[in-house]
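**Q** the following comprises the amino acid sequence and a computationally predicted model.
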Amino acid sequence: YCRYTLNMQTNKGRYHNDSNISFETASKAISIYLEEYDKVKRQIPASLIKKYEKYSSPIIGFYGGEVLLCQNLFMSLVRFTKKLSKCKRLKTKIAITTNGTLLNETVLSFLIKNDVFLAISIDGPKSENDKNRVFPDGHGSFLTVNKWIDYLSEKYPDYMRNRVSIQAVDAPNYDKCRVFEYFCSKTKEDYYAGVNNFLELSYTDFSENINPIQTHVDLKLLRNNLNRLIDEYDSYFSSIDSSLSINDIIRKIRMAPSVKNAVQLAFEMERKISNKPQTNLNYFNSCYLGRANLLVSVNGEYHICERTDFSMPIGNVNDGINSTTLRDIYRRYFLTMNRKKCRSCWCGLFCSLCVGQTIYEKNITIPNDNKCRQIQLIADHNLKLLLLLSHRHFHIYKALDKYFKNTDYISIDEFLSSHKPIN
């Protein structure tokens, strides 16, 4: 339970309830997904199969709610997925997202044995985490979750480093210095927080049943914060010795998660303004609806992803994906984003507003002026960071460019995990 998802108190908007997906529904969805993946794979030229499997392997993710409230169901579905994948000779990745409060030795042993990727949510030390992440009776979850993080780090360090990710929400009521110090204390062998994949998640206020793209923020405060961040990044880059190897420079970047996230966004922006052939593919700000990502709800409905409010299903496991509904979503989204105001906006190429974010109460909604200005300020910030790197810290820019220029997957962690030095 998180205090920053207050819909739980009001039962408005997106909130959790006590419904659970059945084995029949989930296994059918998994079977359909893997069958569709296998059909695509059979059409891939033999020379490209290894690359396809590396960058586009099938992924089954379990989250809720809290998955471990249904441990037996979860384990049964993992076994089912593994067995089916083996029959089809597919290298399926399985992942679970949990708040960590229901972890135990049996569950962890099962995850490790079945090579399941584990994402654990913890926001920092007890003083900060327990401000928001609490049990229903109000006491904090830190001691429970931290115990299992330490257990994995000490007993299964390889699994901890390569299969566990830490997800930390950057809530406004946290002391950022204490949070940083806590995760630094967990750092091992240059792996921040002891893991190869640390995610610092942006805080989103769901306290009211309001369309997320119709909310208002203090634009002056946002602008000042973004300018302050540029100064902080500049200072951090200046502290990195220019004589370091490329891999060592990248490791320095990874040790500061906020910097790492920022430079990844900056290089995503560079890709959009570069002259590479794939640039045109990035103009439409959305994934391939119904194919790149698919969320299955507890009642078997298909949704385009987890970003929607689940008011606009695109099919179900029994009838499949409704192509008419998909086409209508595309049509309504294009009409919305093809307004004169959007077409004349300098930030059109960099707009972060995808289809999923515009769905609200069975409609494709138009962002208000405040939301558009937020997007513009953030795009401007990313461009400034890109210029800062390329003009004032070229040795760092060159190191990052070595990693990013030949890939469609922007991830520092992905490259470093290969342990291949780059000259």
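**A** Cool, got the structure.
**Q** now do the strands in this structure.
**A** 59-62, 93-98, 117-121, 164-170, 197-202, 295-296, 301-303, 315-316, 320-321, 359-360, 363-364 (DSSP state E).
**Q** which of those strands has the lowest mean pLDDT?
**A** Lowest mean pLDDT within the strands of the chain: strand 197-202, at a mean of 83.
**Q** nearest to Ile253, out of the strands of the chain?
**A** strand 197-202 (12.3 Å; Cβ to Cβ). Glycine gets a C-beta too; all of them are placed from N, C-alpha and C.
**Q** buried stuff in the closest one?
**A** By 16 or more other Cβ atoms under 10 Å, the buried positions in strand 197-202 come out as Asn197, Phe198, Leu199, Glu200.
**Q** again with stretch 160-170
**A** Quick answer for stretch 160-170 (16+ other Cβ under 10 Å): Met160, Arg161, Arg163, Val164, Ser165, Ile166, Gln167, Ala168, Val169.
**Q** who's the last one bridged to?
**A** For Val169, the beta-bridge partners are Leu201 (DSSP bridges).
**Q** quickly note the distance from it to Arg223.
**A** 23 Å (Cβ to Cβ, to the nearest Å).
**Q** shouldn't Ile314 be in contact with Ile329?
**A** Yes. Here Ile314 reaches Ile329: they are 7.1 Å apart, a contact under Cβ atoms under 8 Å.
**Q** intersection of neighbour lists for those two?
**A** Leu289, Ile304 (Cβ atoms under 8 Å, 6 or more residues apart in numbering).
**Q** re earlier: Asn299: which of the buried residues of stretch 160-170 is nearest?
**A** Nearest to Asn299 among the buried residues of stretch 160-170, with distances taken as Cβ to Cβ, is Gln167, at 26.4 Å.
**Q** who's in contact with that closest one?
**A** Thr97, Ala119, Ile120, Ser121, Ile122, Leu199, Leu201.
**Q** now His139
**A** Asp130.
**Q** check Tyr63 too.
**A** Per Cβ under 8 Å, 6+ apart, neighbours of Tyr63: Ile96, Thr97, Thr98.
**Q** 6 Å - rerun?
**A** Taking Cβ atoms under 6 Å, 6 or more residues apart in numbering, we find Tyr63 in contact with Thr97.
**Q** just the pLDDT at it, thanks.
**A** 87.
**Q** distance of it from Glu306?
**A** On the measure of Cβ to Cβ, Tyr63 and Glu306 end up 8 Å apart.
**Q** picking up where we left off before, quick one: which of the contacts of Gln167 is most hemmed in?
**A** Within these, most neighbours by other Cβ atoms under 10 Å means Ile122, with 25 neighbours.
**Q** my read: that one touches Val145, true?
**A** Yes. Here Ile122 lies in contact with Val145, judged by Cβ atoms under 6 Å, at a distance of 5.0 Å.
**Q** quick revisit: out of the buried residues of strand 197-202, the closest to Phe404 would be?
**A** Asn197 (17.2 Å).
**Q** what pairs with the closest one across the strands?
**A** Going by DSSP bridges, Asn197 forms beta bridges with Ser165.
**Q** is it in contact with Val164, as I believe?
**A** No. With contact defined as Cβ under 6 Å, Asn197 does not count as touching Val164 (7.8 Å).
**Q** worst-scoring helix or strand of this structure, pLDDT-wise?
**A** helix 412-416 (a mean of 45; mean pLDDT, DSSP states H and E).
**Q** and Gly124, how close does it get to Arg42?
**A** Counting by Cβ to Cβ, the gap from Gly124 to Arg42 is 47 Å.
**Q** which of those two has more neighbours?
**A** Neighbour comparison, Gly124 and Arg42: the larger count goes to Gly124, with 24 against 8 (by other Cβ under 10 Å).
**Q** list the contacts for that one?
**A** Contacts of Gly124 by Cβ under 6 Å, 6+ apart are Val179, Tyr182.
**Q** separation between it and Arg228?
**A** Distance from Gly124 to Arg228, by Cβ to Cβ: 21 Å.
**Q** residue with max distance from the center of this structure?
**A** Ser243 (33.1 Å; Cα atoms, centre = their mean).
**Q** what does that one show for phi and psi?
**A** Backbone torsions for Ser243, taken as degrees, to the nearest 10, come to phi -90, psi -10.
**Q** mind listing the residues bridging to the nearest residue to Tyr330 once chain neighbours are set aside?
**A** Using Cβ to Cβ, 6 or more residues apart in numbering and skipping residues adjacent in sequence, the residue nearest Tyr330 is Leu289, 6.8 Å away. Leu289 forms beta bridges with Asn293, as assigned by DSSP bridges.
**Q** just checking, Leu289 touches Tyr302?
**A** No. Leu289 sits out of contact with Tyr302 when judged by Cβ under 6 Å, with a separation of 10.5 Å.
**Q** how many neighbours does the closest residue to Leu265 other than its chain neighbours have?
**A** Distance criterion Cβ to Cβ, 6+ apart; nearest residue to Leu265, sequence neighbours excluded, is Asn382 at 5.2 Å. Number of residues near Asn382 (other Cβ under 10 Å) recorded here: 22.
**Q** quick one: residues contacting Asn382.
**A** Leu265, Ala266, Met269.
**Q** what about Arg373, distance to Ile364?
**A** Remark: distance between Arg373 and Ile364 (Cβ to Cβ) = 20 Å.
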